[in-house]
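> This is a predicted model, with the sequence first.
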Amino acid sequence: MSEARTPAQIEADIVRRREQLAETLDEIGVRMHPNTIIGDAKARVASTVDNTAGRAFATVNRVVTDLKDGLRHEDGAPRIDRIVPVALVAAGLVGLLVVSARRRRG
């Protein structure tokens, strides 16, 4: 059996539901406001950039460490037979960059 509600109970229920609906509409309004949407999008982009930059840093760090390890003997002495070719390639790349920059200016 259901209990009969009094008009005061019904009215109180209506007021409570109206307040809940007003809160829900306010929340929807905040979520759908352009500034909120833009702020959320910026936060997602910043998070993605941070994650990508972190992974890139870890990868570069690992490659540099592997390269440095390859240029030394196990006892820590430099391996001239590997250092000289790497230095020549690096000097060649720097030279190409310099020549390219000068051609663009002149």
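Arrived safely, thanks for sending. On a predicted model such as this, the values are computed, not experimentally measured, just so you know. Numbers count the residues shown, from 1 in each chain.
> Low-confidence ranges, the chain, go.
Counting by pLDDT under 70, the chain contains low-confidence ranges at 1-2.
> Now for Ala101, how many residues are close by?
Per other CB atoms under 10 Å, the neighbour tally for Ala101 reads 10. C-beta: built from backbone N, CA, C; applies to glycine.
> I meant Asp69, not that one.
9.
> Please apply the same query to Asp13.
The burial metric for Asp13, expressed as a neighbour count using other CB under 10 Å, is 11.
> Could you find the closest non-adjacent residue to it?
Residue nearest to Asp13 in three dimensions, not counting chain neighbours: Arg5, with 7.7 Å by CB to CB, 6 or more residues apart in numbering.
> check which helix or strand covers the one you found.
Using DSSP states H and E, Arg5 maps to neither a helix nor a strand.
> Can you give me the distance of it to Leu97?
Distance check for Arg5 against Leu97: by CB to CB, to the nearest Å, it reads 83 Å.
> do the same with Gly106
Taken as CB to CB, the spacing of Gly106 relative to Leu97 amounts to 15 Å.
> Same check on Ile10?
For Ile10, the distance to Leu97 equals 81 Å [CB to CB].
> Next: Ala58.
For Ala58 relative to Leu97 (CB to CB), the value is 27 Å.
> Please, where are all the helices along the chain?
Secondary structure of the chain (DSSP state H): helices at 7-32, 34-70, 80-105.
> before we move on, the earlier item: settle it for me: which of Gly106 and Leu97 has more neighbours?
Set side by side, Gly106 and Leu97 give different neighbour counts by other CB under 10 Å, the larger being at Leu97 (10 against 5).
> Now do the contacts for the more buried one.
By CB atoms under 8 Å, 6 or more residues apart in numbering, the contact list for Leu97 is empty.
> Same question for Val30.
Residues touching Val30, when contacts are defined by CB under 8 Å, 6+ apart, comprise Thr36.
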